[in-house]
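In: Fold the stuff below for me.
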Amino acid sequence: MLNRALRFLLAFSKAYGPTSIKKVLWDKEYHGTKWNFADNTVGDCVYRHLDRYAANGNVLDIGCGSGNTATEMANGYQSYVGVDISEEALAKASRRSKECGRGQKNRFDCGDFLYYVPTGKYDVILFRESIYHIPIAKMKATLERYATFLTGNGVIIVRLFASERQDGANKDKPRPAAMIKLIESEFEVLEESKYEDVGRPVVVVFRPKASLQPGVDIAQHTPEPENTLQYASPSALKKF
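Out: The predicted structure is shown next:
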C-alpha cells in the first residue's frame, strides 16, 4: 500500500507539481534508462497523420522527450522545435538529431509546456502522450492558447493511449476518454483514428473553431506560471 501511494505521489508530482520539482524528477528519469524504450518508435500510428500535415511545414512538438519524433518523422518538413522540461532528455534529442543529419533544422527548448510561449507560427503542434500532463480543468485553455500559434491552415495533433498499455487490455480508461470528448466538443475535429494496437492508441487531428482562429488576443488564454525563475520568457529558455 505504501509503495502504491509513493508511486501515485511521484506520478502526480511529475505531471502537476511546481516547475522546479517536475524538472528534477524528469531529469532523474532521463538520466537513467527508464525511457530508453521510447527511443525507437518507428512505424507508430502517429506518423501517418503527422507526416501528411507536416510536409513542407514547421512543427512544434510539445513534450518531445529524447527526440524519437524529431528523428523518425518523414524528412519533408521545414523546421522542428521540440519542447521538454528535462535538459537530460533534450541533450539526448539534440545529439540524436545531429547523428541523423537533422541538426540544422531541429531545435530544442527547455521549458514547462504549461507556460511555454512559442516564438513562431506552426503548421503542426503535436502533443504525443504529453497531453496526459495537462490537468483536465486546464486542457481547453491550454489547447486554445497553443492554437493561436498555428498558421492559417495549421492543426493540432494529439496522440494518446485509450486503454492500459498491455496485451489484452480493451477497456478504455476514463481520463483519456474525457480528453477526447473535450476535444470533440470544443474544437473542429478533422480526423479521429483509433488503432487496435497495444494500449489502443488514438490520434486526433483538430483545429480551433472559427471563434478562436489564429489572430485572437492570446493574453486571454495565457496562464500565469507559479514558478518563473527559469521559464519566464523565450529569452530565458535554454537552447539545444
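In: Tell me if I'm right that residue 19 and residue 115 touch.
Out: Yes - with contact defined as C-beta atoms under 8 Å, residue 19 reaches residue 115; the gap is 7.4 Å. Where you see a C-beta, it was placed from the backbone N, CA and C, and this is true even at glycine.
In: ok, now which ones touch the nearest residue to residue 187 once chain neighbours are set aside?
Out: Distances taken as C-beta to C-beta, 6 or more residues apart in numbering place residue 206 nearest to residue 187, at 4.3 Å, with adjacent residues excluded. For residue 206, the contact set (C-beta atoms under 8 Å, 6 or more residues apart in numbering) comprises 155, 156, 158, 183, 187, 188, 189, 190.
In: starting at the chain centroid, how far to the host helix or strand of the last one?
Out: Spelled out, it's residue 190. Element membership for residue 190 (DSSP states H and E) is strand 188-194. Its chain's C-alpha centre and that of strand 188-194 lie 17 Å apart, by C-alpha atoms, centre = their mean, to the nearest Å.
In: For it, name the packing helices and strands.
Out: helix 174-186, strand 201-207 (3 or more C-beta pairs under 8 Å, 6 or more residues apart in numbering; DSSP states H and E).
In: quick one, it and helix 174-186 angle?
Out: 150 degrees (axes from the mean of the first three to the mean of the last three C-alpha atoms, to 10 degrees).
In: Give me the contact list for strand 188-194.
Out: With C-beta under 8 Å, 6+ apart, strand 188-194 has contacts from 45, 49, 155, 162, 180, 183-184, 200-209.
In: thinking again about what came up before, buried members of the contacts of residue 206 into PyMOL, please.
Out: The following PyMOL line selects those of the contacts of residue 206 that are buried, judged by 16 or more other C-beta atoms under 10 Å:
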select buried, resi 155+156+158+183+187
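In: hmm, which two among the contacts of residue 206 are most spread apart?
Out: 158 and 188 (13.6 Å; C-beta to C-beta).
In: Please point out which parts of stretch 86-96 sit buried.
Out: Buried residues in stretch 86-96 (16+ other C-beta under 10 Å): 86, 87, 88, 89, 90, 91, 92, 93, 94, 96.
In: Reformat the residues you listed as a markdown table; add secondary structure, distance to residue 69 and pLDDT.
Out: Formatted as a markdown table, the buried residues of stretch 86-96 follow (DSSP: H, G, I helix; E, B strand; the rest coil; distance: C-beta to C-beta, whole Å; pLDDT from 0 to 100):
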| residue | secondary structure | distance to residue 69 | pLDDT |
| --- | --- | --- | --- |
| 86 | coil | 15 | 94 |
| 87 | helix | 18 | 96 |
| 88 | helix | 17 | 95 |
| 89 | helix | 12 | 95 |
| 90 | helix | 13 | 97 |
| 91 | helix | 16 | 96 |
| 92 | helix | 13 | 95 |
| 93 | helix | 9 | 96 |
| 94 | helix | 14 | 97 |
| 96 | helix | 11 | 96 |
